[in-house]
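Undergrad: with the sequence up front, the predicted model follows.
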Amino acid sequence: MDKASLIGLLIGVSALGFVFYEVSHGNFMMFYSLEGVLMVGCGSVSVIFMSMPLDKVLGLPGYLKRFMFHKGMAPVEVITLVNTLSEKARRDGILALESEMANIKDNFLAAGLKMAIDGVEPANIESTCRMELVAMQDRHKAGKKFFDLIKVYGPGYGLVGTLVGQVGLFGNLGSADIGQLGHALAIAVVATMYGAIVANAIAGPIGDKLALRSAEEMIGREMMLQAILSIQAGDNPRVTEEKMLAFIPAAGRTKLRKAA
């Protein structure tokens, strides 16, 4: 579970719930508008289907899972594991790592080390791993794109709902029916509110978190790739560790060295 995502979600929901309660005195239905839901909700969904291939749209459960759960290896875990593997390869030879493959949970690291153990040329290992990185980055972009579309077009459809409500308001001025005027005005205001909430409290933060996770994972995989090539080259374990630490900000290297 990504604790930061959970904390942010709880704070946002609590703040909205408190404000809604204070304004409505418990009558939350005053914030409900079927027309606003259809306009913003269905409008945003239609844009997603028009803008993205179906297989990318159906990846929504995976996008949400990556937002709430982060199973990637932390830098200190990568460094600790690679140090162990590097020392064993230096001492017993790279073929000795065959017995350690079952303990490696990261598929990218396991696949790269397997190629190194099998004697694949370093250039081929690097090109294969980089193709994997490109494919992974493309998958991650689809997740961010999904929520970016909602962030952009959700408020736009909210604005459309507002304009529709205003048209209804002006159209009923002649009858002076306060009930109809109030209903039209409520549609106008609530549609804008829905669009703002969807963009700023849901889609925007999720898309930004997915982008950040993608960047972190790319750095982690690059660390693993350099470690694999270093182990295959027979480098001293300390050299392998320093190559990985090069991807860590200077302020965090001392802490990681101690932890590793």
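TA: Okay, I see it.
Undergrad: quick one: list the elements packing against the host helix or strand of residue 190.
TA: Here residue 190 sits within helix 178-197, counting by DSSP states H and E. The contact analysis (3 or more CB pairs under 8 Å, 6 or more residues apart in numbering; DSSP states H and E) places helix 178-197 against helix 34-37, helix 122-171. Every residue, glycine included, has its C-beta placed from N, CA and C.
Undergrad: so which elements touch the next helix or strand after the shortest one?
TA: Scanning the chain past helix 34-37 towards its C-terminal end, the next helix or strand to appear is helix 43-51 (assignment: DSSP H and E). Of the remaining helices and strands, those touching helix 43-51 by 3+ CB pairs under 8 Å, 6+ apart are helix 122-171.
Undergrad: for the closest residue to residue 67 other than its chain neighbours, what are its contacts?
TA: Residue nearest to residue 67 in three dimensions, not counting chain neighbours: residue 206, with 5.1 Å by CB to CB, 6 or more residues apart in numbering. Each residue near residue 206 by CB atoms under 8 Å, 6 or more residues apart in numbering is listed here: 63, 64, 67, 147.
Undergrad: what does the pLDDT read for residue 206?
TA: Note for residue 206: predicted pLDDT of 94.
Undergrad: secondary structure element for residue 209?
TA: If you go by DSSP H and E, residue 209 is part of helix 204-232.
Undergrad: avg pLDDT for the following helix or strand past that helix?
TA: Downstream of helix 204-232, the next assigned helix or strand under DSSP H and E is helix 237-245. The pLDDT scores in helix 237-245 average 87.
Undergrad: do stretch 190-201 as well
TA: For stretch 190-201, the mean per-residue pLDDT is 91.
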